[in-house]
Each structure stands twice: as structure tokens, then as C-alpha cells.
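In: okay, here's the prediction I keep looking at, along with the sequence it came from:
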Amino acid sequence: MSAQDGRFIVLASTTSTQNTGLFSHLVPLFRSATGIDVRVVAVGTGQAFAIARNGDADCLLVHDTAGEEQMVAEGYAAERRDVMYNDFVVIGPAGDPAGVKAASTVAEAFRMIRANEAIFASRGDDSGTHRAEQRIWESAGGLPKASWYRELGSGMGATLNSAAAMDAYVLADRGTWIAFANRRDLEIVFEGDPALFNQYGSLLLSPERLPHLKHDLARAWHEWLVSAAGQSAIADFKVRGEQLFFPSAHAE
């Protein structure tokens with residue numbers, strides 16, 4: 001069957017999955033297998049939740065597990081499944097003016113940025129990455145309220161571009177960083193803390209709460225993502241020879 005028959009779903013997802021090129025890899029494989037097309041609305045995770053609650057997307061692929069579980073608890077989502085993971089990294093100027101390369105935890109790295117009043121570029125967009133950044137700041141003594149802390153209200157790629165122009169520190173998902181070309185003087189200055197783990201989940205929305213959505217087609221996408229074929233496709237996606245996302249559906 002061909003997607004030309006008009007069978008498609010609207011997927012609300014993140015700028016990190018879109019910016020990396022993941023959907024350009026996955027969607028043609030899914031369309032070939034099922035005849036269903038996927039139209040992606042790439043926004044911050046918080047906005048993706050709002051779109052779903054309004055009934056303007058058929059399914060979600062996002063990365064804020066607590067928020068995803070809240071969607072289920074509130075009755076907006078019928079099911080949530082782990083799909084893949086990567087991690088967050090702290091990016092900064094190669095000269096590392098705050099000295100965060102010597103930190104032993106990401107909370108310590110953020111405390112050093114605060115102590116040195118080094119410029120920090122925050123997405124400021126209620127995305128999964130922004131929510132993770134806020135949790136780290138809270139663990140490091142609270143959210144900054146200072147001129148060196150720049151809330152941009154932009155997606156991951158645009159925020160990295162701004163950080164490169166400002167020689168700023170920034171929290172990024174590793175996938176977008178690998179795919180990001182305009183690095184200038186930026187590099188990874190801190191990584192590896194378990195607190196930087198970044199899980200992505202697929203959510204099926206509730207037929208009872210949102211009966212007008214394309215639930216059968218959305219379930220086909222959801223089930224394909226966690227199938228052997230979908231998980232293999234995720235593992236096969238690479239940029240510059242590096243794997244960006246790691247399948248995790250069968251690790252639950």
C-alpha cells in the first residue's frame with residue numbers, strides 16, 4: 001500500500017530528533033513497511049505535551065520521562081514505551097574559563113560556571129533538554145538569576161549557534177552535538193555523569209480522551225518503533241560515523 005492514499009499521522013517530537021536527521025532516516029523505512037506517512041512537528045517537549053493535550057497530534061516521541069508519565073496519569077496518554085536513549089553533554093569554550101573539565105559531577109560543573117559567572121546559554125523553551133538543565137541547576141544550588149545566564153527560547157541547533165557566537169557554556173543532547181557543524185571554539189567540556197542520561201519515550205494518546213485522532217495508524221508507528229525493525233533502524237542511524245541514539249525498547 002502507498003502513502004499516496006492519504007494515510008498519515010502527525011507526530012509531535014523534539015527539535016533534537018529533528019535536527020539530527022533521525023526522522024529523515026526512520027520515516028521512509030516506516031512508510032515503506034506500512035504505507036503510512038509521518039508528518040513531524042518538531043518543538044520543545046513541553047510544547048509537544050501541550051499539542052497532544054489539545055488533540056493536535058496523533059502521537060508523541062519526546063524525552064522527559066516524568067512529564068510522559070504525568071500524561072499517562074492524567075489520562076491523556078494510554079501507553080508509554082522506552083524507545084531509545086543517548087546522553088546530555090556540557091559544551092563550552094575550548095579554553096574552559098570556568099574550569100569545568102576538572103569537575104567530578106555535572107552539579108559541580110554548574111557550580112563552577114556560577115562561581116565564575118561564565119556565560120551560559122539556556123534553551124529556555126520548556127524542552128526536555130531545558131527541563132534536564134533546570135534539574136541540574138536545582139541540584140547545584142538553584143536556578144541562576146544573573147546577566148551571564150542567557151535564556152534564549154530556541155531549539156537545540158539555534159541555541160548551539162548562539163553559544164558558539166557567545167563563547168558560552170550550554171547543555172546539549174549528544175546527538176545534536178554530533179550533527180552540529182558550526183562548532184567554532186566549542187567542545188565537550190564535561191560528560192559521563194549518570195545524571196546526564198537522556199531517555200526518549202513514545203506515547204500513544206488516549207482514544208477515550210481524544211477520540212478524533214488516528215489511533216490505529218499511531219499504534220502502527222508506536223509498535224514499529226519498538227519492534228526489531230524499528231530498533232535496528234535507530235541503531236543504524238549515524239552521523240560522521242557516530243551512532244546518535246541507542247535502542248532501549250527491550251531493556252525494560
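Out: Nice, thanks for sending it over.
In: now A249. Nearest residue, chain neighbours left out?
Out: V226 (3.7 Å; CB to CB, 6 or more residues apart in numbering). C-beta: built from backbone N, CA, C; applies to glycine.
In: residues in contact with the one you found?
Out: Residues near V226 by CB atoms under 8 Å, 6 or more residues apart in numbering: 81, 83, 202, 249-250.
In: also D96?
Out: Neighbours of D96 in contact, by CB under 8 Å, 6+ apart: V189.
In: for it, pull up the helix or strand it's in.
Out: If you go by DSSP states H and E, D96 is not part of any helix or strand.
In: mind checking pLDDT for the residue nearest to A249?
Out: In this prediction, V226 carries a pLDDT score of 97.
In: ok, residues contacting the one helix or strand A66 maps to?
Out: Counting by DSSP H and E, the element that carries A66 is helix 65-73. Residues outside helix 65-73 that contact it (CB under 8 Å, 6+ apart): 45-46, 49, 52-53, 60, 62, 77-80, 128, 131, 199, 201, 203.
In: could you pick out the longest strand of this protein?
Out: Looking across the chain with DSSP state E, the single longest strand is strand 77-93.
In: okay, buried residues for the helix or strand following that strand please.
Out: Later in the chain than strand 77-93, the nearest helix or strand by DSSP H and E is helix 106-115. Neighbour counts using 16 or more other CB atoms under 10 Å place 106-114 of helix 106-115 among the buried residues.
In: which of those residues sits closest to H212?
Out: Proximity to H212 was ranked across the buried residues of helix 106-115 by CB to CB; first place goes to V106, at 42.2 Å.
In: does that closest one touch P194 like I think?
Out: No - with contact defined as CB atoms under 8 Å, V106 does not reach P194; the gap is 9.3 Å.
In: partner strands of the longest strand of the chain, parallel or antiparallel?
Out: Next to strand 77-93 in the sheet, as set by DSSP bridges, lie strand 170-173 (antiparallel), strand 186-190 (antiparallel), strand 197-205 (antiparallel), strand 246-247 (antiparallel).
In: state the mean pLDDT of it.
Out: Strand 77-93 carries an average pLDDT of 97.
In: now find how far off-centre it is within its chain.
Out: 5 Å (CA atoms, centre = their mean, to the nearest Å).
In: alpha carbons of it, as PDB, please.
Out: Taking C-alpha atoms only, strand 77-93 is exported to PDB below (Å, rounded to 0.1, in the frame of the first residue of the first chain):
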ATOM      1  CA  ALA A  77      -1.800   9.000  27.100                       C
ATOM      2  CA  ALA A  78      -2.800   5.400  27.100                       C
ATOM      3  CA  GLU A  79       0.700   3.900  26.900                       C
ATOM      4  CA  ARG A  80       4.300   4.900  27.200                       C
ATOM      5  CA  ARG A  81       7.300   2.900  26.000                       C
ATOM      6  CA  ASP A  82      11.000   3.400  26.200                       C
ATOM      7  CA  VAL A  83      12.400   3.700  22.600                       C
ATOM      8  CA  MET A  84      16.000   4.900  22.700                       C
ATOM      9  CA  TYR A  85      18.500   6.900  24.700                       C
ATOM     10  CA  ASN A  86      21.600   8.900  24.500                       C
ATOM     11  CA  ASP A  87      23.000  11.400  27.000                       C
ATOM     12  CA  PHE A  88      23.500  15.100  27.600                       C
ATOM     13  CA  VAL A  89      26.900  16.800  27.500                       C
ATOM     14  CA  VAL A  90      28.100  20.100  28.700                       C
ATOM     15  CA  ILE A  91      29.600  22.100  25.900                       C
ATOM     16  CA  GLY A  92      31.900  25.100  26.400                       C
ATOM     17  CA  PRO A  93      34.800  27.100  25.000                       C
END
